[in-house]
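Visitor: quick one: sequence and predicted model below, then my questions.
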Amino acid sequence: MTDGRAVSRSKISIGDMALELFMILTAVITLYPFVYIISMSISEPGAVLAQEVWLLPRGFSLGSYNMVFENREIWTSYGNTIWYTLVGTTINVAFTLMGAYALSRKEFFARNGIMIYIAITMFFNGGLIPTFLLVNSLGMYNSRWAMVIPGAISAWNLIIARTYFQTSLPDSLPESARLDGATDIGIFLKIVLPLSAPIVAVLTIFYAVGHWNAWFNAMLYLSDSTLHPLQLFLRKILLMNSPDFLQGMEDAFERVAYAIQLKYASIVVAALPIICIYPFVQKYFVKGVMLGAIKE
């Protein structure tokens, strides 16, 4: 018996060690790109150009960050992204919650048919050109609303919210409130929403991250550069080799070195807000996946 227990403990300890080593290796592989980008952005331009940076920074220089923050276009893009994130997320969450609550009510006779129609949109869509023509015909082309109205409701998030209402809110609550004379709007605003903080947080995080990272719709619908979001501005820097930042530099060596380093500094500036916020809201992503996994 003693030998069997020793062997069992040995097997468990070896398994735990292997798992820990695997997790450490995964963490290293995951963190390396972040460390590399930060190191490239703060190293001396000469070391960056000579490809001497592999992990830790070589020397120290904030010249690329000074160029980034002195550029007015990046601040305009930052402001646009914040506007798209705040306004877009508010519209998304409001419309998704209203639609999900209505579709979760058993007394709504058409809810199953509407849910089938919504589920179909997850597999088939109207296509890029018809969507562009629709946005243009509605007068939203080259306006801020083109970034927030066409995708006002996500079918997946609507299903998650509907599942939450069906599994977490008892039918007795709205029924008792209706007996007391409350209207459907009053029930939704005064009873349902105060009890729906978890799903509101999940939807807010999902939509906000989507708006912060959005760039494709801006490339399609926004021809005015003053309306471009931060991610589209970052794309411009990465693909066009940052010509606006390097004006006034006569030294060709310096121009090439800063052109490389500016890309990494811009990536850090664009990703830093989400990186700082994500650890505090990660649990809501997990909760959102769990809510979506619950079936009737």
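Guide: Done, it's in. Numbering: from 1, shown residues only.

Visitor: tell me which stretches of the stretch 101-250 of the chain form helices.
Guide: With DSSP state H, counting those that start in this stretch as the definition, the stretch 101-250 of the chain shows helices at residue ranges 111-120, 128-137, 155-168, 172-179, 184-187, 197-212, 216-221, 230-240.

Visitor: which of those helices sits closest to residue 39?
Guide: helix 230-240 (18.0 Å; C-beta to C-beta). (Each C-beta comes from the backbone N, C-alpha and C, glycine too.)

Visitor: show me what the closest one is packed up against.
Guide: helix 72-104, helix 216-221, helix 252-293 (3 or more C-beta pairs under 8 Å, 6 or more residues apart in numbering; DSSP states H and E).

Visitor: let me have those in TSV, adding mean neighbour count as columns.
Guide: Listed next are these as TSV, based on neighbours: other C-beta atoms under 10 Å:
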stretch	mean neighbour count
helix 72-104	18
helix 216-221	18
helix 252-293	16
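
Visitor: I'd like those helices laid out as JSON lines, including mean pLDDT and distance to residue 42.
Guide: What follows is the helices and strands packed on helix 230-240, written out as JSON lines (pLDDT from 0 to 100; distance: least, C-beta to C-beta, whole Å):
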{"stretch": "helix 72-104", "mean pLDDT": "93", "distance to residue 42": "18"}
{"stretch": "helix 216-221", "mean pLDDT": "92", "distance to residue 42": "29"}
{"stretch": "helix 252-293", "mean pLDDT": "75", "distance to residue 42": "8"}
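
Visitor: could I get these as JSON lines with distance to residue 206?
Guide: JSON lines is the format used below for those (distance: least, C-beta to C-beta, whole Å):
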{"stretch": "helix 72-104", "distance to residue 206": "9"}
{"stretch": "helix 216-221", "distance to residue 206": "17"}
{"stretch": "helix 252-293", "distance to residue 206": "6"}
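
Visitor: please identify which of those is closest to residue 172.
Guide: Residue 172 sits nearest to helix 72-104 of all those, at 14.5 Å, using C-beta to C-beta.

Visitor: so how far is residue 192 from the closest residue to residue 119 other than its chain neighbours?
Guide: When the adjacent residues along the chain are set aside, residue 119 lies closest to residue 155, with 6.9 Å between them (C-beta to C-beta, 6 or more residues apart in numbering). Counting by C-beta to C-beta, to the nearest Å, the gap between residue 155 and residue 192 amounts to 21 Å.

Visitor: could you check which of the two is surrounded by more residues?
Guide: Between residue 155 and residue 192, counted using other C-beta atoms under 10 Å, residue 192 has the larger neighbour count: 20 against 16.

Visitor: now do the contacts for the closest residue in space to that one that isn't next to it in sequence.
Guide: The spatially closest residue to residue 192, leaving aside those adjacent along the chain, is residue 101, at 5.9 Å (C-beta to C-beta, 6+ apart). By C-beta atoms under 8 Å, 6 or more residues apart in numbering, the contact set of residue 101 is 161, 162, 165, 188, 192.

Visitor: same thing but at 6 Å, please
Guide: 165, 188, 192 (C-beta atoms under 6 Å, 6 or more residues apart in numbering).

Visitor: for the nearest residue to the first one once chain neighbours are set aside, what are its contacts?
Guide: Spelled out, it's residue 165. Leaving aside its chain neighbours, residue 165 sits nearest to residue 104 (3.8 Å; criterion: C-beta to C-beta, 6+ apart). With contacts defined as C-beta under 6 Å, 6+ apart, residue 104 is in contact with 162, 165, 166.

Visitor: please read off the pLDDT at residue 22 from the model.
Guide: The pLDDT attached to residue 22 in the predicted structure is 92.

Visitor: what about it, how many neighbours?
Guide: The burial count assigned to residue 22 is 10, neighbours taken as other C-beta under 10 Å.

Visitor: picking up where we left off before, and the residue nearest to residue 165, how far from residue 28?
Guide: When distance is defined by C-beta to C-beta, residue 104 is 44 Å away from residue 28.

Visitor: which helix or strand contains residue 52?
Guide: In this assignment (DSSP states H and E), residue 52 forms part of neither any helix nor any strand.
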